[in-house]
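1. everything below, folded, please.
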Amino acid sequence: MSLNRSWDSLVITRLKIRKYGLIIGTSFQNSLAYGANFLFDTFFYAFVLFIFLQLWRAIYGHGGAIAGYSLNQMIWYCVITEMIAFSGSNIFYSLNEEIKNGNIAYALNKPYHYISYQLANGLGLMGIKIIINGLFGVFLGLLYIGPLNGFHVNYLPLIILLVCNGLILNFFAITCLGLTAFWLEENTAFFWIYQKLSFMLGLFLPVEFFPGWLQKLALVLPFPYVFYGPARLAVAFSWEKFWPILWVQLGYSGLFLVLALLIYRKGVKSLHVNGG
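-> Have a look, this model is predicted:
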């Protein structure tokens, strides 16, 4: 009897994995079919990197290092952080729209969990973005500043892992903010604050550029682990920093996932109580 239950659970789990795998594949194919939509983002990505190139060249002057970063490392840091930024999901706006116009009610009877569906759909979209922006980013980096000094290709899989973890952490954090639309008519301010903190604590500047007290504060918050963590290890890899960054990414991703599930469950109950 116990063996049969275990087998049934295994079959159900495999079917769920296959179901969400199909959603990821469909989202990836749909995004690929409309690849021209990414052209504007790609050109804007190149423009932003060009501005940063000119800015940092002026700041660095004739050479040297700032906060332990050479000009070569700083440009590649910007290449990676901007690549992550341009590869993120727009889940906040889609959640806002579905909840506020009531379309989320149609998703409640579907044969999937709403949060799991959004994650699978987002992974497909982020997958095609990360491929396009990653390849284009490497091309721009080589064109603008040349090869990354001291980079070892053996570390590339670990860097990709941290980039993916950063995108997932960001996805769940933004999902939590988007789900507040169940109760708040205007919640964009929360997203704006989160976005700006992420930009300041990792996207535009490495944490090492800040005063010591602010570095310590930043590293206990989730924001640097979206952009700073992957980029920092890409330009200067060390095992001493890899494991803490990995575990903090996973910890915050798990925390925001649990919060998203709790907020969603409470929001759906509120929706049912109010008549849908």
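2. and the helices in the stretch 101-250 of the chain?
-> 104-107, 114-144, 156-179, 188-198, 212-218, 228-235, 239-273 (DSSP state H, counting those that start in this stretch).
3. tell me who's in contact with residue 231.
-> Residue 231 makes contacts with 76-77, 80-81, 84, 202, 206, as judged by Cβ atoms under 8 Å, 6 or more residues apart in numbering. Where C-beta positions appear, they are placed from N, C-alpha and C, glycine not excepted.
4. thinking again about what came up before, of the helices of the stretch 101-250 of the chain, which stretch is the most buried?
-> helix 228-235 (a mean of 25; mean count of other Cβ atoms under 10 Å).
5. how far away from the center of its chain is it?
-> 14 Å (Cα atoms, centre = their mean, to the nearest Å).
6. any figure for the gap between residue 166 and residue 223?
-> 10 Å (Cβ to Cβ, to the nearest Å).
7. one more: residue 23?
-> From residue 23 over to residue 223 the distance is 29 Å, taken as Cβ to Cβ.
8. looking at the two, which is more packed in?
-> residue 223 (24 against 20; other Cβ atoms under 10 Å).
9. distance check, the more buried one against residue 231.
-> From residue 223 to residue 231 the distance is 13 Å (Cβ to Cβ).
10. list buried residues within the contacts of residue 231.
-> 76-77, 80-81, 84, 202, 206 (16 or more other Cβ atoms under 10 Å).
11. lowest-confidence member of those residues, which is it?
-> Among these, residue 202 carries the lowest pLDDT, at 91.
12. can you pull the contacts of the residue nearest to that one when sequence neighbours are not counted?
-> Leaving out its chain neighbours, the residue that sits closest to residue 202 by Cβ to Cβ, 6 or more residues apart in numbering is residue 228, at 3.3 Å. With contact set as Cβ under 8 Å, 6+ apart, residue 228 has these partners: 81, 201-203, 206-207.
13. repeat that for 7 Å
-> 202, 206-207 (Cβ atoms under 7 Å, 6 or more residues apart in numbering).
14. how far away is it from residue 143?
-> Using Cβ to Cβ, residue 228 is found at 24 Å from residue 143.
15. residue 178 now?
-> Taking Cβ to Cβ, one finds residue 178 at 37 Å from residue 143.
16. again with residue 27
-> Residue 27 is 31 Å from residue 143, by Cβ to Cβ.
17. do the same with residue 252
-> From residue 252 to residue 143 the distance is 34 Å (Cβ to Cβ).
18. so, low pLDDT: which residues of this structure?
-> Residue ranges of the chain with pLDDT under 70: 1-20, 31-38, 271-276.
19. please repeat the previous calculation with a cut-off of 80.
-> 1-41, 62-63, 102-103, 105-112, 270-276 (pLDDT under 80).
20. so what's the residue most central in space within it up against?
-> Centroid check for the chain by Cα atoms, centre = their mean gives residue 167 as the closest residue, at 1.8 Å. If a contact means Cβ under 7 Å, 6+ apart, then residue 167 has 84, 87-88, 126 as its contacts.
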